[in-house]
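Trainee: I need the structure of the sequence given here:
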Amino acid sequence: MRFRCVKIAGVSVKINGLYHDSRQVQPGGLYFALRDTRYIAEAVEKGAFVVVTNDAAVVLPKEVTKIIVSDVRSAMALAAKEFYGNVADKMRISGVVGTNGKTTTSYILREILECAFERPIGLIGTNGIFNAGKDWNSIATLTTPDPIDLHHALFDMFQNGVRDVVMEVSAHAIYYHKVDGINFNGVIFTNITQDHLDFFGNFENYKNTKLGFFRKLRCGNVIVNADDKYGRDVVAALKGQSQIYSTSYSLQNNLMSGVSQWAFVEKVKMFVYGSDFCLSKIGQCHLSLPGRYNICNAVGAALLALRYDVSSNVIKQALAKMPAVPGRFNFYNINGVNAIIDFAHTPDGLRQLLQNVRLTMSNNAKLWVVFGCGGDRDRGKRPLMGKIAYQLADYTVLTSDNPRTEEPVAIIDEIERGIITANTFTVKDYLDEKLSKKYLRIVDREKAIHYAINHASVGDVVVIAGKGHENYIEINHQKIPYMDSKVLDNILRGKCGL
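Mentor: Below you'll find the model as predicted:
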């Protein structure tokens, strides 16, 4: 790579690469010391020309430039943007912020914009990085990539003719300043519910991190879900920013003050394979994705597209032919048993998924749910999800979901506590089979899915939640190839594999 100039804290340097992992540094590179100074020596040994640190006491060889900043992560984001030609300033970038619905909303917005402009739209999020039809999943191990990968991806997109990018913005990305320096033309707020408390410590910290993103916005369009109880906090965070045009939307006739305009959804009709609704700014719409929460996702995307001067007719056409989003409410029929794979992995996500599935079922059909909770993550949501599953499903199968360094059985024990608190019986009662088996534990996820499919009756629905699009199970730092969809495909083909 040729040398390029970047300016950090007023210091101009010429380097040929940016690195935050000392093991990857190449001669002539710039190294950001993110965590501490232990790895600076390795970076210098590998040929770093410049080291960016917040520790003034660091001693470097005289031929290595030391730049001292107060926030290394923010400096990295700004340097990455400049290193890759500031292409982010030459693109229209739309962000989606929220706990649930980010991925589906971003896919819907991309579909609308591609229909409108008849050109490739970049997409960055949980399912990967998609650059003019090219899948960059090998890079996208995080919902929002680290700034160096992020701006590298934007640069390549720009080179491929992409001028619109839709991006999921996670709470971790906000906390770590990954999107500092990116001027978002539009942002959609979906909701805030419990997640990632293992990292943020408590819900207030998590909520305020997301709200902090909106406090920093200075211009553009913001679409706010008025039905989420923190929507008003988002609007409050925008107060005083005269260059922001805000639109609120509601399926429950919630009128929100402090916004530029309102939009309302009426005449909602739900079907197994989609829904019909009337959006005040567009008119009658058909959405090919099922679930009331997907109406919320679609409306947020539609309203931002309107602000981009996309016509109502194009938006309606895009919503009507919207393909399924990988890992989100993916539907299978196995000998009359309906199965749904979904990424729902938070209490609110699981609740909404099960409630919406129930709306599409016949009265005599039974609802099954197979799910687990990830290891080394927010433990507080485990009993909450257990309680939700037990209360909303007819049968619950507790299983594994990326146990990481924890024992799968111990995770299931914590989920089970939520089931126990919803009832007067104890685990011993259940194990002694004094009560009917409304739930059971099968640690092996593939076996759990087989059990549910094999014991469900024709017309029943089996929801397989938590992993969605993921193509692995993570155990003790190893990612073992696995997909829920492949398990169902094998059942369909009669290949049990057990």
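
Trainee: And the residue sitting furthest away from the middle of the chain, which helix or strand is it part of?
Mentor: Relative to the centre of the chain, and counting by C-alpha atoms, centre = their mean, the farthest-placed residue is Lys62 at 44.3 Å. Using DSSP states H and E, Lys62 sits within no helix or strand.

Trainee: Against Val44, how distant is it?
Mentor: From Lys62 across to Val44, the span is 12 Å (C-beta to C-beta, to the nearest Å). Yep, even glycine has a C-beta here, placed from its N, CA and C like the rest.

Trainee: Would you state the helices of the stretch 151-300 of the chain in chain order?
Mentor: For the stretch 151-300 of the chain, the helices defined by DSSP state H, counting those that start in this stretch cover 171-175, 197-200, 203-216, 231-237, 292-307.

Trainee: Buried ones in the second one, by neighbour count?
Mentor: The one in question is helix 197-200. Within helix 197-200, the residues scored as buried using 16 or more other C-beta atoms under 10 Å are 197, 200.

Trainee: From the contact counts, what lies against it?
Mentor: helix 171-175, helix 203-216 (3 or more C-beta pairs under 8 Å, 6 or more residues apart in numbering; DSSP states H and E).

Trainee: Looking at the ones you listed, which one is packed in the most?
Mentor: helix 171-175 (a mean of 21; mean count of other C-beta atoms under 10 Å).

Trainee: Output the contacting helices and strands for that one.
Mentor: Packed next to helix 171-175, using 3+ C-beta pairs under 8 Å, 6+ apart, are helix 197-200, helix 203-216.

Trainee: circling back: between the helices of the stretch 151-300 of the chain, which one is nearest to Ile93?
Mentor: helix 292-307 (11.8 Å; C-beta to C-beta).

Trainee: Under the pLDDT cut-off, which ranges of the stretch 1-150 of the chain? List them.
Mentor: For the stretch 1-150 of the chain, the stretches with pLDDT under 70 are 1, 133-141.

Trainee: how does it look with 80?
Mentor: Judged by pLDDT under 80, the stretch 1-150 of the chain has its weakly predicted residues at 1-2, 132-141.

Trainee: what ranges do the strands span in it?
Mentor: 4-8, 11-15, 18-19, 30-32, 50-53, 65-68, 92-97, 122-125, 128-131, 134-135 (DSSP state E, counting those that start in this stretch).

Trainee: Return the most buried member of those strands.
Mentor: strand 30-32 (a mean of 28).

Trainee: Show me what that one is packed up against.
Mentor: Short answer (3+ C-beta pairs under 8 Å, 6+ apart): strand 30-32 packs on strand 18-19, helix 40-45, strand 50-53, helix 72-83.

Trainee: Off-centre distance for that strand?
Mentor: Relative to its parent chain, strand 30-32 has a centroid offset of 28 Å by C-alpha atoms, centre = their mean, to the nearest Å.

Trainee: and what of stretch 454-465?
Mentor: 26 Å.

Trainee: Over to it now: how far is its first residue from its last?
Mentor: From its first residue to its last, stretch 454-465 covers 17 Å (C-alpha to C-alpha, to the nearest Å).

Trainee: May I see the buried residues of it?
Mentor: Buried residues in stretch 454-465, counted by 16+ other C-beta under 10 Å: 455-456, 460-465.

Trainee: Now, these that are in helices?
Mentor: The helices, defined by DSSP state H, take in His455 from the buried residues of stretch 454-465.

Trainee: Of the buried residues of stretch 454-465, just say which sits nearest to Val69.
Mentor: The closest of the buried residues of stretch 454-465, once distances to Val69 are taken by C-beta to C-beta, is Ala465, at 42.5 Å.

Trainee: how about the closest one, what does it touch?
Mentor: 342-345, 350, 353, 369-371 (C-beta atoms under 8 Å, 6 or more residues apart in numbering).

Trainee: Check Glu474 too.
Mentor: 402-404, 480.

Trainee: Likewise for Lys321?
Mentor: Applying C-beta under 8 Å, 6+ apart, the residues contacting Lys321 are 111, 288.

Trainee: how far away is it from Ser400?
Mentor: 36 Å.

Trainee: Then Glu82?
Mentor: 44 Å.

Trainee: Those two: who's more crowded?
Mentor: The residue with more neighbours, out of Glu82 and Ser400, is Ser400; 25 against 16, by other C-beta atoms under 10 Å.

Trainee: Kindly confirm my reading that that one is in a strand.
Mentor: No. Residue state for Ser400 (DSSP: H, G, I helix; E, B strand; the rest coil) corresponds to coil; a strand is not indicated.

Trainee: Check what pLDDT it gets.
Mentor: You'll see Ser400 listed with a pLDDT of 97.

Trainee: Test my guess that it contacts Glu446.
Mentor: No. Contact criterion C-beta atoms under 8 Å: Ser400 and Glu446 do not qualify, at 9.6 Å.

Trainee: Which parts of the protein belong to which domain?
Mentor: 4-71, 84-320, 330-492 (automatic domain parsing).

Trainee: related to what we said a few turns ago, and the helices and strands packed on helix 197-200 as a markdown table, adding distance to Ile223 and mean pLDDT?
Mentor: Converted to a markdown table, the helices and strands packed on helix 197-200 look like this (distance: least, C-beta to C-beta, whole Å; pLDDT from 0 to 100):
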| stretch | distance to Ile223 | mean pLDDT |
| --- | --- | --- |
| helix 171-175 | 18 | 97 |
| helix 203-216 | 12 | 97 |
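
Trainee: Make TSV from the ones you listed and add distance to Gly494 to it.
Mentor: Putting the helices and strands packed on helix 197-200 into TSV (distance: least, C-beta to C-beta, whole Å) gives the following:
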stretch	distance to Gly494
helix 171-175	42
helix 203-216	45
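
Trainee: who wins for proximity to Val325 among those?
Mentor: Among the helices and strands packed on helix 197-200, the nearest to Val325 by C-beta to C-beta is helix 171-175 (20.3 Å).

Trainee: Could you list the residues in contact with the closest one?
Mentor: So helix 171-175 is contacted by 97, 142-144, 178-179, 195-196, 199-200, 206, 209-210, 212-213 (C-beta under 8 Å, 6+ apart).

Trainee: still on that earlier bit, so which of the helices of the stretch 151-300 of the chain is nearest Ile475?
Mentor: helix 197-200 (18.0 Å).

Trainee: ok, Asp180 touching Leu78?
Mentor: Yes. With contact defined as C-beta under 8 Å, Asp180 reaches Leu78; the gap is 6.1 Å.

Trainee: Check the gap between Thr193 and Gly101 for me.
Mentor: Distance from Thr193 to Gly101, by C-beta to C-beta: 10 Å.

Trainee: If you count surrounding residues, which of the two has more?
Mentor: A count of neighbours by other C-beta under 10 Å puts Gly101 above the other of Thr193 and Gly101, at 25 against 21.

Trainee: okay, the residue nearest to the more buried one when sequence neighbours are not counted: pLDDT?
Mentor: The shortest distance from Gly101 to any non-neighbouring residue, by C-beta to C-beta, 6 or more residues apart in numbering, is to Thr190 (4.0 Å). On the pLDDT scale, Thr190 is placed at 98.

Trainee: That concludes my questions; thank you for your assistance.
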